[in-house]
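In: Quick one: sequence and predicted model below, then my questions.
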Amino acid sequence: MEPDWATPGGGGDNGVGATQNAGLSSNSGGVNGAGFSSDRSGCLITFLSVLNIGLSVMMAALGVLTLINFTGGKSTEDFSEAFLAVYMVLFAVLLFMYESMWWMSMPAVNKVLRKNFGFMYGLRGKGLYLVFVAFLCIGLGSDNSVQALTWATGISYLVVGVLHMFIVCSKPEISAKYQAPTAGLNKDDVGTTPNPV
């Protein structure tokens, strides 16, 4: 039996509590409740996606540069940096693949990521993931040739992860409007993307 987040509409709350999904209506401004707020939430979600793509490129560059500068010394600290760099590239590819699915349909990738990395399909899980990866970046720290990029990437991941969590906690209506990619899970949505823009 698959977890509820593995199927679209399967009971996952996307970071919004059950009391907020209990049919309570809220006025979003404008005429008849359909004002500018919904447009802003779509723009904010789009901005977060573009920001996450930029972060993944930044982290992949950091991992590759760290591997290029790897000297292959005999100390275990040298090997731990290379090991962390490989993980950083893998985590960057994971984030990039998820965010690119938000822009274009990739049914096979969506099935694999939804099954194995379901936490990425909500703002809360993605925010916690970004915070975790931020500390991975900051832990790399000792290589002087890429130290500025290391700190910039780590702090950027931390800030954006906290921003995701802030949106989940302070603006649950935006979190409720967040639509994770569903391409390939149903026969009807093979060519669709959740991009609201």
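Out: Sure thing, it's come through.

In: hang on, Leu123 packs against Ile167?
Out: Yes: using CB atoms under 8 Å, Leu123 is in contact with Ile167, at 6.0 Å. To be clear about C-beta, it is placed using only N, CA and C from the backbone, and glycine gets the same treatment.

In: who's more crowded, these two?
Out: Neighbours were counted for Leu123 and for Ile167 using other CB atoms under 10 Å; Leu123 has more, 26 against 21.

In: picking that back up, what touches both of Leu123 and Ile167?
Out: Leu48, Ser175 (CB atoms under 8 Å, 6 or more residues apart in numbering).

In: For Asp188, give me the pLDDT.
Out: Asp188 is assigned 56 on the pLDDT scale.

In: Tell me where the chain has helices.
Out: 36-68, 76-103, 107-116, 123-140, 147-170, 172-177 (DSSP state H).

In: I'd like these written out as CSV, with mean pLDDT added.
Out: Formatted as CSV, the helices of the chain follow (pLDDT from 0 to 100):
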stretch, mean pLDDT
helix 36-68, 83
helix 76-103, 83
helix 107-116, 81
helix 123-140, 88
helix 147-170, 91
helix 172-177, 80
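
In: and the gap between Phe119 and Ser170?
Out: Distance, Phe119 to Ser170, by CB to CB, to the nearest Å: 21 Å.

In: Between the two, point out the one with more neighbours.
Out: The neighbour comparison of Phe119 against Ser170 (other CB under 10 Å) goes to Phe119, with 13 against 9.

In: now that one, nearest residue through space, not along the chain?
Out: Spatial nearest neighbour of Phe119, excluding adjacent residues (CB to CB, 6 or more residues apart in numbering): Gly125 at 3.3 Å.

In: The nearest residue to Thr66 once chain neighbours are set aside and Val146, how far apart?
Out: Nearest residue to Thr66, sequence neighbours excluded (CB to CB, 6+ apart): Ala85, at 3.8 Å. For Ala85, the distance to Val146 equals 10 Å [CB to CB].

In: export stretch 95-112 as PDB, just CAs?
Out: The C-alpha coordinates for stretch 95-112 follow below in PDB (Å, rounded to 0.1, in the frame of the first residue of the first chain):
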ATOM      1  CA  LEU A  95      16.000  19.600  -6.600                       C
ATOM      2  CA  PHE A  96      16.500  20.600 -10.200                       C
ATOM      3  CA  MET A  97      14.600  17.600 -11.600                       C
ATOM      4  CA  TYR A  98      11.700  18.200  -9.200                       C
ATOM      5  CA  GLU A  99      11.500  21.900 -10.100                       C
ATOM      6  CA  SER A 100      11.900  21.300 -13.800                       C
ATOM      7  CA  MET A 101       8.900  18.900 -13.600                       C
ATOM      8  CA  TRP A 102       6.900  21.800 -12.400                       C
ATOM      9  CA  TRP A 103       7.600  23.500 -15.700                       C
ATOM     10  CA  MET A 104       7.500  20.600 -18.200                       C
ATOM     11  CA  SER A 105       5.900  17.200 -18.100                       C
ATOM     12  CA  MET A 106       8.200  14.200 -17.300                       C
ATOM     13  CA  PRO A 107       5.900  11.400 -16.300                       C
ATOM     14  CA  ALA A 108       8.500   8.700 -15.700                       C
ATOM     15  CA  VAL A 109      10.700  11.000 -13.500                       C
ATOM     16  CA  ASN A 110       7.600  12.100 -11.700                       C
ATOM     17  CA  LYS A 111       6.600   8.600 -10.700                       C
ATOM     18  CA  VAL A 112      10.100   7.800  -9.400                       C
END
